[in-house]
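# Dropping the sequence and predicted coords here.
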Amino acid sequence: MQRHARERQKVVAGRPKKLSLRDEKVISRNVATGVFETAAEAARHASKFLPTPVSRQTVSRALRRWGLSSVKRKKMHAISSRNKKIRFKWAKDHRHWTSYDWNRVVWSDESKIRRFNSDGLRWSWTRAPGVLNERSITQTEKYGGGGIVVWGCISKYGVGRICQIVGNMDATLYVQILSDQLLGSLDQLNLDVGEVIFQQDNDSKHVSKLARKFFSSKDIHVLDWPPQSPDLNPIENVWAHLKKKVARRPLPARGMTELWEIVQREWAKLTVDYCNSLVESMPSRVKAVIRAKGGWTKY
């Protein structure tokens, strides 16, 4: 009797699993390699071949058992293979810059600020949540949608001036902004023009003959800048901060005039400590680009 009891198979309670270990392995491999972008897509495909259809929740649980995590896809700028190499070289060339070097830089940029903002969140599955690659980001381009376009600059010593750009900006208007707003910012921040290193991206207006002539006439040194590198520019964090402030308002701005007034007020609230902390992050940003071999960073 005892021998017979020992030989009986153990009865497992509950419903039988819809996915075998082999099924889970195949699904997790296909999701991890990008064959399927989402658990729902994997579930729809698997249901065509399984005796019983499976739900997204079933597939999600299986993916977690196989070490994958669901993460929000970040919107990141596109980087070509060529520009990754340029970014990598630039970072290696500047990895030995000291605080003294970075503190001389005045950071500038243009940005579009909208009245209405939307997350547009997307998700992907990964075994390494902290790694940025083509499957964990959503690539974006500049200046989509409506709103106002502004130019501004910051330094370790606080914010400089900010101005609204009305109409299409060409090289002539850009030089006018430099003459009025950049030089005014240097006076406001008590910075010596000859000691400043000015940062700008490689937009055609920024590197035009008119702009180069202006910098030469004012004895302003312009920082060599790698393409597709907003993550290296601390002022991008300022733009993100301003856009969050606009988006979190109980009611959106009633028009472009009110939006511009809101942006100016929020800009004026930015502290010296905040700007200083952004500039102090430059060595870490450079190291991150080197680790990523010119690819995406968390900044």
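The structure has been received and is ready for your questions.

# hey, where'd the strands end up in the chain?
69-77, 105-113, 122-126, 137-140, 148-155, 158-165, 197-199, 221-222 (DSSP state E).

# worst average pLDDT in those strands?
Lowest mean pLDDT within the strands of the chain: strand 137-140, a mean of 53.

# Number of residues surrounding the closest residue to residue 196 other than its chain neighbours?
The shortest distance from residue 196 to any non-neighbouring residue, by C-beta to C-beta, 6 or more residues apart in numbering, is to residue 106 (5.5 Å). To be clear about C-beta, it is placed using only N, CA and C from the backbone, and glycine gets the same treatment. When counting by other C-beta atoms under 10 Å, one arrives at 23 neighbours for residue 106.

# And residue 186, by the same measure?
By other C-beta under 10 Å, 22 other residues sit near residue 186.

# Can you tell me the closest non-neighbouring residue to it?
Setting aside the residues directly before and after it, residue 186 is nearest to residue 193 in space (C-beta to C-beta, 6+ apart), at 5.8 Å.

# follow-up on the earlier one: okay, and the beta partners of the residue nearest to residue 196?
Under the criterion DSSP bridges, residue 106 forms beta bridges with residue 198.

# Excluding chain neighbours, what is closest to residue 91?
Per C-beta to C-beta, 6+ apart, closest to residue 91 is residue 289, 3.9 Å.

# what about the one you found, how many residues close to it?
27.

# dump the residue contacts of it.
Applying C-beta atoms under 8 Å, 6 or more residues apart in numbering to residue 289 gives the contacts 87, 88, 90, 91, 229, 231, 232, 295, 297.

# For those residues, give me JSON lines that also has pLDDT, neighbour count and distance to residue 171.
JSON lines is the format used below for the contacts of residue 289 (pLDDT from 0 to 100; neighbours: other C-beta atoms under 10 Å; distance: C-beta to C-beta, whole Å):
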{"residue": "87", "pLDDT": "96", "neighbour count": "25", "distance to residue 171": "26"}
{"residue": "88", "pLDDT": "97", "neighbour count": "17", "distance to residue 171": "30"}
{"residue": "90", "pLDDT": "97", "neighbour count": "21", "distance to residue 171": "24"}
{"residue": "91", "pLDDT": "97", "neighbour count": "23", "distance to residue 171": "29"}
{"residue": "229", "pLDDT": "94", "neighbour count": "23", "distance to residue 171": "22"}
{"residue": "231", "pLDDT": "94", "neighbour count": "21", "distance to residue 171": "26"}
{"residue": "232", "pLDDT": "96", "neighbour count": "23", "distance to residue 171": "24"}
{"residue": "295", "pLDDT": "93", "neighbour count": "19", "distance to residue 171": "32"}
{"residue": "297", "pLDDT": "89", "neighbour count": "21", "distance to residue 171": "31"}
